[in-house]
Each structure stands twice: as structure tokens, then as C-alpha cells.
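1. Kindly generate the corresponding structure for this input.
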Amino acid sequence: MTGDFLRTLLSLKIAVFFFIAVTFFYFGKHWSDGYNQLVFFTTQRSDPDPNTIPVVTVSPNYAKSFNLSALIDHNITQPVPENVPPPPPPEASIEQMGILNNNGTMTNEFEVGDFEPGMVDHWVNESQVGKEGSASDSEFGRKKFGLCSREMREYIPCLDNEDAIRKLPSTEKGERFERHCPVQGQGLNCLVPAPTGYRTPIPWPRSRDEVWFNNVPHTRLVEDKGGQNWISRDKDKFKFPGGGTQFIHGANEYLDHISKMIPEITFGRHIRVVLDVGCGVASFGAYLLSRNVVTMSVAPKDVHENQIQFALERGVPAMAAAFATRRLLYPSQAFDMIHCSRCRVNWTRDDGILLLEVNRMLRAGGYFVWAAQPVYKHEEVLEEQWEEMLNLTTRLCWNFLKKDGYIAVWQKPSDNSCYTNREAGSKPPLCDPTDDPDSVWYVDLKACISELPKDGYGANVSEWPARLQAPPDRLQSIQLDVFSSRTELFKAESRYWKEIIASYVRALHWKKIRLRNIMDMRAGFGGFAAALIEQNFENWVMNVVPVSGPNTLPVIYDRGLIGVMHDWCEAFDTYPRTYDLLHAANLLSIERKRCNLSSIMLEMDRILRPGGHVYIRDSLEIMDELQEIGKAIGWHVMLRDTEEGPHTSSMLLVGEKHLLRS
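-> Here you go, the predicted structure:
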């Protein structure tokens, strides 16, 4: 009897539960008109197809928040007001492009475009201070910097100083394209605006082949070079076919041609660092990247002034520079190859002083590749230029290797034996032994041959990638005020940045943010850049060595990296909006003794892309001031403890630049 009773009770419970479930389903299906729908719901057509398979769809109300009080009030019957205007038409839907195609498979064929609303700040030019009557802006607050005029969208302070250029006694040797910085106190004091319609840059590697027109809205290059396979415009984009004046069939075919001419030129092994002179839009360097070669692409800001801007927008290493009257800002024996394809440089003028500068920067045993009309055209004037070039390179002790079609290749000697065996009085002469070939900051060109180190330093670098972590010979010649081993310092720096970058990846999610064009503003031996390579980031780093510290540039180039000498009291020779990340470790606390911190940070803002990041690791005592300046510039800043913990004397300031609209 007891068992029968229990079975009856269980059956009754099941029946009641089933009845309640059916009731709630009925209410949910038939009484939900005008109310929020369930997260998952079914849809029916007025003329259903019996062969159609029912599908489950995500509700349009999914993940939306609602004001419940307003919804409750909405249920109360209210009189309908008269003469109510019709509701506005719904906004046009925005096509969202994802990274899953229609088949549900992963693809990188997706569009990037306008900034999210939260990444755009509407900036008003007005003075704002943190506290009235404060004696010190740096202590209590700082005026908000205003936007510069629209005409300054592409402003480079030291290359666009028209007043100084007009006062030059002569410009016949290209002096106008060199640095002429504003005097102290008259530099940049506003925020350089972005062009109208500026968009999030297309990510690498797609950016090698196309960029947004509105980000670099200049058509002069298209008009002048469209027929030479450099660049073309297609609706809202610029396209880069990968060609050049002398390689209209594409950079890859051109690079293969060079390799076949000289089999010893093995790109990505002992040819790792290249200088491309008069680079155009830098397709030569762009296609070398896939061969494990990093190229410093340089060109002056001349009639084709935006070529460097195009290169950097593509995500290719580049900076504005000119062969004129001063040394370029790179050390001796920096480049394994120097390339000139119709670069419009008269190499033989003034007893070959410009080719002597190439000789200074070219590594012992390195190659000079020249593709120009005198190589292949048989016209009297051009043939004379070819003979002058052969004569000059012979006197430089360069070995002429081969001429094939429109390309000629020379090789620099590996030691000084040819120089010392020349006849007395030969020109050009050897430089004075007191001349430092690595001294480059505002140093005039010298019409002499820089001797190679007698100990062979610079010539004996390892092949790539071993050279990245191998302490180079020239490490021992760096002037450092230390007592410990330079080799141990080199290894310690490499370990330090390896750990720091790993922590950035873990804690700050660096793998999820755009990191293509990166600048290390105080590079040391290049350990920061080397650590990024070991993390397999698809980026390149401009390693900057400040003039206020030891000249470590030779070590950086011997490691297979690129860099430049610079004084942060002046502006950098690049266009606005060209870097995704600026990294400064223990720099600003040093430079504040020499120059104004606001000026340095305004320059950082000028060269940083909207959406880009600033990482400043420095002493705790200047962090409040840096934070106030960052806010006045419009960065979204926060302070973080370093890996050493909260009780150390240093902190990390992280800044993010938003797109400012007036």
C-alpha cells in the first residue's frame, strides 16, 4: 500500500510540473507581443515554406540594457497626444565586417575603418587650468593645448622652417632639405590635427599594398609617378603595385635579378640591414621585409614631399633625410647594402663627397647597388657620367663586380690594404686619424675616406639571425662610464627587456593591440627591439640613441637592427601620425635637465598615430608632471607599478592618443 501511494504521488508531481511548464511556454509565446523577446526565439514568415528548416536566431535585444522603471511606466495606459510628428526614419545600418566568412571559416579579408565613438574626442581650443591661482602648472594643473591650424596637418618643425630656409646663403647643394629647427621657445606649442576623414590605418600586411586615401590625402605622386607602377588611386584607397622607376615589373623580380647577378648577396643572411636612397614610396624596402631584411628608406621632403609619409602609412621603415652638406644620422659601417634606383643624387659632384658619405656608412665588404640611366643608356652625356662613376669608385678602392641591364654593383674593401697601397697624394685622401666616423649630429660632410678599424671591428658580424643576440666586436669600443664588462651589460640588458616585453604581453595584452611602427626613444644596445623580435611581433623598431648619452648606434646596427642619432630637445624628422607605439625608458628625467618636458611630449604626440600608445618608464618624482602634461595634450593616461612592485622609485605611465576633432 505504501509503495502504491508513493508511486501515485510521484506521478502526480510529474503531471503538475508538466502542466506548469506548458502553461509558461504558452504565456511566453502568445503574450509577448510588444515586450522584450527572449534571447533565443524562432521566426516565421507569413507564407512559410514547408521545406524550410527552422533556425534559431539571436534576438536583436541580446546584450542590450533596459531601464526597467521606464518599461513598467510604459505598461500604464496613457492618452495619445495630438499632432505628434512622425518618428524620424531609422539610421542607415552600418555594414559590419568580421573575421569569419559566410562559411564560418577564419579570414583576414576584413575592413577597418572609422574610429569608435569612444576613441574620438571633440577638442575645443580654450584655456583650462586645474586650479585657479596656482603658482606652478606642473604641481596643480596645466593648460589644455589647443589644436594647430589645418595647414599644419603634415608639419615637420625642423624641415618646414621657412623663415630659416629663406635666410640660407645658398641652397644649390640641397641645404633647404636639411634640418633648420625653430629656436628654443618658438617650437611646436599646439596639437597637429589629423586630416578630415582620418581612419584607423589598414593593418599589416595588407597595408603594404593599400592605405586609406584620407589618411594621406595627396595626389601629386599619383600624377607624377602613376605610369611608373609606384602608386595609383582606387576610390577611397591608394594602391601600391610594388614597382618603381627602374623596376616596373615589381620589386620581387628586381630583388631576384640582384641575387642572380651576385650570388654572394644572400638576402636575410649576411645582407640584413639596407639603406635605400631616394626610396619613393619604399616598395624596395617593403618587399625586402619578407626576406628578413630591414631597410632604412630615406628621401628628402622635396617636390614629392609625401613619399616618406606614404612609406610609414604602409608600415615600412622610413624617415626624411637628404644627401646635401651634412652627414646622415647613421654610424659608420651601418649598412650591409646601400641601394640607389634613380635616386637623383649626383654622386660625383665636389670630388665625390656624397659617395664618400656612402662609403662611411657602408659596412666593410658591403655592396653598393646603382640602377640609373648612365648604367645602360648610350648617350654622350650619360656615358661621361658612367666614366666619372667608374673613376671615382676605383679611387675609393671599390671593386666593380658586374653590370647587367640597368643595374651595376660594387663592393667595398674589407680592410685598409688598398688605401695604404695607393700612391702618395692620391685623392680622395684618408680622413685625419682624429676624425670620428660615428660622430654625426650636425657634422659636415668630409671629402676624405674613413679608414676601417685596424682590429677588424664592424667587418666580422655573424649572419642573421645569430647576430641579433651575439655581442658584436664594436661593443668594446663604446665609450661608457662603467667598470663592469660591456659584454655582461649587453647580456643583462637583453635579459631585462626580454622579461619586460613578456610582462607587457601577459598583463597589458600587447598581442591584441596594433603594433607595427614602433620607436624606442632611448634604445641603449637595442634590447627592447630584440625582445620584440623574439616574441614574433610583426613590427619594426626605430631605435633612437639620444645625443645626451653614449653612442651605441654601431652596436644596434651590428645586431641587425636600425636606428638613428637624435636630440630630443628638437623635433624628429618624420611626418605626423607615423608611429603606433612610443617607448621611453629613463629618458625624460634626463632630458628635463636640458629641455622642456612639454615640448618633448608635444613632439611625441605629433608623431603618434591616433589610437597609438605611449609607454614611459621613469622615476616616480616626475610622474605627476608627466601625467598632467599628458592630460593637457588629450591622452588618456594611467599610472602603473613596474614589475619590481609598488615600493620602487620608478613607475610606468601608459598613454593612449584619441582622435581629436575640432
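2. Between the two ends of stretch 426-433, how far is it?
-> 17 Å (C-alpha to C-alpha, to the nearest Å).
3. Tell me the buried residues in that stretch?
-> Buried residues in stretch 426-433, counted by 16 or more other C-beta atoms under 10 Å: 428, 431. (Each C-beta comes from the backbone N, C-alpha and C, glycine too.)
4. again, but for stretch 284-298
-> The neighbour-count check on stretch 284-298 (16+ other C-beta under 10 Å) flags 284, 285, 286, 287, 288, 289, 293, 294, 295, 296, 297, 298 as buried.
5. can you check stretch 342-350 too?
-> For stretch 342-350, the neighbour count (16+ other C-beta under 10 Å) marks 342, 343, 345, 347, 348 as buried.
6. and what of stretch 480-492?
-> Buried residues in stretch 480-492, counting neighbours by 16+ other C-beta under 10 Å, are found at 486, 489, 490.
7. Which pLDDT does the model give the first one?
-> Think residue 486. With respect to pLDDT, residue 486 scores 91.
8. Helix, strand, or coil at residue 543?
-> strand (DSSP: H, G, I helix; E, B strand; the rest coil).
9. tell me the contacts of it?
-> Contacts for residue 543 (C-beta atoms under 8 Å, 6 or more residues apart in numbering) come out as 520, 523, 526, 528, 529, 553, 556, 561, 562, 563, 564.
10. any idea of the pLDDT on the second one?
-> Spelled out, it's residue 523. 98.
11. Ok, the first one next?
-> Reported pLDDT at residue 520 in the predicted model: 98.
12. Name whatever forms a beta bridge with it.
-> residue 543, residue 583 (DSSP bridges).
13. What is the burial count for it?
-> For residue 520, the count of nearby residues is 27 (other C-beta atoms under 10 Å).
14. Out of the helices and strands in this protein, which is least certain?
-> Lowest by mean pLDDT, DSSP states H and E among the helices and strands of the chain is strand 40-41, with a mean of 30.
15. per-residue confidence averaged over stretch 309-316?
-> Stretch 309-316 carries an average pLDDT of 96.
16. try stretch 394-403
-> Here the average pLDDT along stretch 394-403 is 97.
17. Pull out the buried residues from it.
-> Those buried within stretch 394-403 under the rule 16+ other C-beta under 10 Å are 396, 397, 398, 401.
18. Could you list which of these belong to strands?
-> residue 401 (DSSP state E).
19. which one of the buried residues of stretch 394-403 sits closest to residue 414?
-> Set against residue 414, the nearest of these by C-beta to C-beta is residue 397 (10.5 Å).
20. Would you confirm that that closest one contacts residue 413?
-> Yes. Applying C-beta atoms under 8 Å as the test, residue 397 and residue 413 come out as touching, 5.0 Å apart.
21. The buried residues of stretch 284-298 into TSV, with extra columns for distance to residue 627 and secondary structure?
-> Listed next are the buried residues of stretch 284-298 as TSV, based on distance: C-beta to C-beta, whole Å; DSSP: H, G, I helix; E, B strand; the rest coil:
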residue	distance to residue 627	secondary structure
284	42	helix
285	37	helix
286	38	helix
287	42	helix
288	41	helix
289	37	helix
293	40	coil
294	35	strand
295	37	strand
296	34	strand
297	36	strand
298	36	strand
